[in-house]
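Visitor: Have a look at this fold, sequence not included:
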């Protein structure tokens, strides 16, 4: 925890493993803090691999006054307006989907093409569909992902065994694109230089805020750049060791409402 009071103007929050509790819910204690921060002019920004539509639905009416860094930084929005998107070259999308199809010959692997208008899957079995629907509220089943006519923000791969096991299938794309392990089962591929931290920098610049006015929380590899972009960065106690190494401070675990605990101390000291 910082020794001196912090002029908090923007709070960036990863969702899974960070703000959300063990059941995937927003802790009850966060809602009054969200109202307080909004009334004080503090911009609250969920920063997630989740879809923009999913994040808006999670926060209900409060979403109208919030910022969002969605799809791991490929879409940035504020007060209901999309500010920036970063879409993949269609030829790259073909490569990623074909690589996933080849990898699926040996692994239980599903693919989500994450577009601006919706997310798309071609596997329609219940286990994969239900898993994808957690993160993508606007989700369409199509016959062929390569026939989708929508700008692709990222392509996500879900491995029912582990993302570590699936990673070698997509390692060759690291030379040209951002390949991020977003969780124990998810891998995301985006344009090079696109990540949550870049999204945070874009939004902060739009709002005219200084880096030291930003507080960020995260727990996994796709949060590293987000923490780098904040003046005051917190790794969750349950976070990956690499995240602990990059953050300035440690918050209690997400199962203990760690974000709520830290924000109450920062806002009320």
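Guide: Nice, I can see it. On a predicted model such as this, the values are computed, not experimentally measured, just so you know.
Visitor: you'd agree residue 250 is in a strand?
Guide: Yes - note on residue 250: a strand contains this position according to DSSP: H, G, I helix; E, B strand; the rest coil.
Visitor: where does it land on pLDDT?
Guide: According to the prediction, residue 250 has pLDDT 97.
Visitor: show me the contacts for the residue most central in space within the chain.
Guide: The structure's the chain has its C-alpha centroid closest to residue 48; by C-alpha atoms, centre = their mean the separation is 1.6 Å. For residue 48, the contacting residues are 14-16, 55, 69-70, 72, by C-beta atoms under 8 Å, 6 or more residues apart in numbering. To be clear about C-beta, it is placed using only N, CA and C from the backbone, and glycine gets the same treatment.
Visitor: can you rerun that using 7 Å?
Guide: Shown in contact with residue 48 (C-beta atoms under 7 Å, 6 or more residues apart in numbering): 14-15, 55, 70.
Visitor: now residue 151
Guide: Residue 151 sits next to 87, 115-116 when contact means C-beta under 7 Å, 6+ apart.
Visitor: Closest to residue 139 out of these?
Guide: Within those, distances to residue 139 taken as C-beta to C-beta reach their minimum at residue 115, with 10.6 Å.
Visitor: Verify the stated contact: that closest one with residue 152.
Guide: Yes - because the distance of 5.6 Å satisfies C-beta atoms under 7 Å, residue 115 is recorded as touching residue 152.
Visitor: Of those two, which one has the most company?
Guide: Remark: of residue 115 and residue 152, residue 152 carries more neighbours, 25 against 22, as counted by other C-beta atoms under 10 Å.
Visitor: Does anything pack onto the one helix or strand in the chain whose mean pLDDT sits lowest? Which helices or strands?
Guide: For the chain, using mean pLDDT, DSSP states H and E, the weakest element among its helices and strands is helix 163-166, scoring a mean of 85. Contact partners of helix 163-166 among helices and strands, from 3 or more C-beta pairs under 7 Å, 6 or more residues apart in numbering; DSSP states H and E: strand 152-159, strand 186-191.
Visitor: packing partners for the last one?
Guide: If you count contacts as 3+ C-beta pairs under 7 Å, 6+ apart, strand 186-191 packs onto strand 152-159, helix 163-166, strand 177-181.
Visitor: any idea of the mean pLDDT for the longest one?
Guide: This means strand 152-159. Confidence over strand 152-159 (mean pLDDT, whole number) is 95.
Visitor: Same question for stretch 64-74.
Guide: Per-residue confidence for stretch 64-74 averages out to 94 on the pLDDT scale.
Visitor: which parts of that stretch are buried?
Guide: Of the residues in stretch 64-74, those buried by neighbour count under the rule 16 or more other C-beta atoms under 10 Å are 65-74.
Visitor: from those residues, which single one is nearest residue 122?
Guide: Each of the buried residues of stretch 64-74 was checked against residue 122 using C-beta to C-beta; the closest is residue 71, at 19.0 Å.
Visitor: which residue sits closest to the closest one in space, ignoring its chain neighbours?
Guide: Ranked by C-beta to C-beta, 6 or more residues apart in numbering and with sequence neighbours excluded, the top spatial neighbour of residue 71 is residue 153, at 4.7 Å.
Visitor: Check residue 255 too.
Guide: Taking C-beta to C-beta, 6+ apart, and ignoring the residues beside it in sequence, residue 255 has residue 22 as its nearest neighbour in space, at 4.6 Å.
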